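J.: structure, please.
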Amino acid sequence: MRKVFVTALVLVLAAASCSFADGVKIGAGIYRFNDAFMLRFRNAMSAESEKAGAKIDIADGRDDQPTQDAQIDEFIAGGVNVLIVNLVDRMAAQETIDKAKSADIPVVFINREPPLEVLNTYGKAYYVGAKAEESGIFSGQLIVDYFKSHPEADKNHDGKLQFVLLKGQNGHQDMILRSKYSVETIRDAEIEPVELASAIANWDKLEAMKIMNAFIMSIGPENIEAVIANNDEMALGAVEALKAQDYNKGDPSMYIPVVGVDANASALEAMDRGEMLGTVLNDADGQGSAAVKLAVSLAQGKDVSGEVTDGKYIWVPYQKVTRGEK
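T.: Predicted coordinates:
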């Protein structure tokens, strides 16, 4: 009797150790690997896939849509059960959906939100991300809070906020909405925003540093009262340009508030050093985990109506982060 019990117990334990997503194959396309935010996203997807027991293959689109298109073709030909796609060009979503639909496999878009009318062309197309307007609102609030508590930030005492804006990729919904809502939030707080200059820096630190250097040379740092960047990498580029002019190095009279989005490790360290005012947490870990969980459910043919909003979306909220917070 005891032998039978031990054998049964071993079988139960073995069954319990089997992962619930065994056999699920996920093909994931990332717009480019050398992006700090998407690195966190990838790590979260890999960790969640390992936890679930699913196999995930993640490809580097190298910021080239034809390259990513070919990778998606390879995933489908290789028999993946579901796609997760961070588009190089969000306007290529329809082509991606058409491919997934032809193969009758679900597709979960991440980070770059396709237009709703495109998502609606396929019942198995979804989006996991954060509402970009929230990050814009929080960026604006960080600036408003600083200006209301630091009257000296209004350098020319005109009651207006003279700022420069560093934008992400042209056409990206995060760039459009973060830029729009950050400025609208300042205006809603009864502070008149005055845009001195803006430029596309493609989410890139070095590109943003070069652009900020040009702003400094043409405008003069003494005339810039704030820097709003669509992500942390560009904010950090602006900080480096300012530090080269001895700004944001500890002298309160030589300080320009800089805000970003993502709450990456380098930005948090810059905030701790007093070089950067604040950031907005774009929860890459939460989004990456949610994308894989949804992908696994879809691959297994489960009803996901309880997981999604409006039939198509999983939203992971943003959070404001100020100095001393993590």
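
J.: going forward, measure contacts between C-alpha atoms and count neighbours the same way
T.: Will do.

J.: all strands of the stretch 201-326 of the chain, in order?
T.: 226-229, 258-259, 278-281, 313-315, 319-322 (DSSP state E, counting those that start in this stretch).

J.: okay, the third one in CSV with CA atoms only?
T.: Meaning strand 278-281. Output in CSV follows, covering the C-alpha atoms of strand 278-281 (Å, rounded to 0.1, in the frame of the first residue of the first chain):
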residue,chain,number,x,y,z
GLY,A,278,11.9,63.7,-12.6
THR,A,279,10.6,61.0,-14.8
VAL,A,280,7.5,58.9,-15.4
LEU,A,281,7.5,55.1,-14.9
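
J.: picking up where we left off before, among the strands of the stretch 201-326 of the chain, which is nearest Ala201?
T.: Of all those, strand 226-229 sits nearest to Ala201, with 9.3 Å by CA to CA.

J.: all helices for the stretch 201-326 of the chain, in order.
T.: Assigned by DSSP state H, counting those that start in this stretch, the stretch 201-326 of the chain shows helices spanning 205-219, 232-243, 265-272, 284-299.

J.: what of the stretch 1-150 of the chain?
T.: When assigned using DSSP H, counting those that start in this stretch, the helices of the stretch 1-150 of the chain occupy the ranges 2-17, 36-52, 65-77, 93-103, 116-119, 132-149.

J.: tell me, how many neighbours does Leu206 end up with?
T.: As a burial measure, Leu206 scores 18 neighbours (other CA atoms under 10 Å).

J.: the nearest residue to it once chain neighbours are set aside - how many residues pack around it?
T.: Spatial nearest neighbour of Leu206, excluding adjacent residues (CA to CA, 6 or more residues apart in numbering): Gly237 at 5.9 Å. Neighbour count of Gly237, defined by other CA under 10 Å: 25.

J.: same question for Val194.
T.: Val194: 14 neighbours (other CA under 10 Å).

J.: try Glu95
T.: The number of residues packed near Glu95 is 12, by other CA under 10 Å.

J.: related to what we said a few turns ago, now the helices of the stretch 1-150 of the chain in JSON lines, with mean pLDDT and distance to Leu206?
T.: Output for the helices of the stretch 1-150 of the chain, formatted as JSON lines (pLDDT from 0 to 100; distance: least, CA to CA, whole Å):
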{"stretch": "helix 2-17", "mean pLDDT": "38", "distance to Leu206": "47"}
{"stretch": "helix 36-52", "mean pLDDT": "96", "distance to Leu206": "13"}
{"stretch": "helix 65-77", "mean pLDDT": "98", "distance to Leu206": "23"}
{"stretch": "helix 93-103", "mean pLDDT": "98", "distance to Leu206": "29"}
{"stretch": "helix 116-119", "mean pLDDT": "96", "distance to Leu206": "34"}
{"stretch": "helix 132-149", "mean pLDDT": "97", "distance to Leu206": "21"}
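
J.: where does this protein have low pLDDT?
T.: Low-confidence segments of the chain (pLDDT under 70): 1-20, 324-326.

J.: what do you get if the cut-off is 50, keeping everything else the same?
T.: Filtered on pLDDT under 50, the chain yields the residue ranges 1-18, 326.

J.: doesn't Glu195 belong to a strand?
T.: Yes: counting by DSSP: H, G, I helix; E, B strand; the rest coil, Glu195 falls inside a strand.

J.: that one contacts Leu166, correct?
T.: No: assessed by CA atoms under 8 Å, Glu195 is found out of contact with Leu166, at 11.0 Å.
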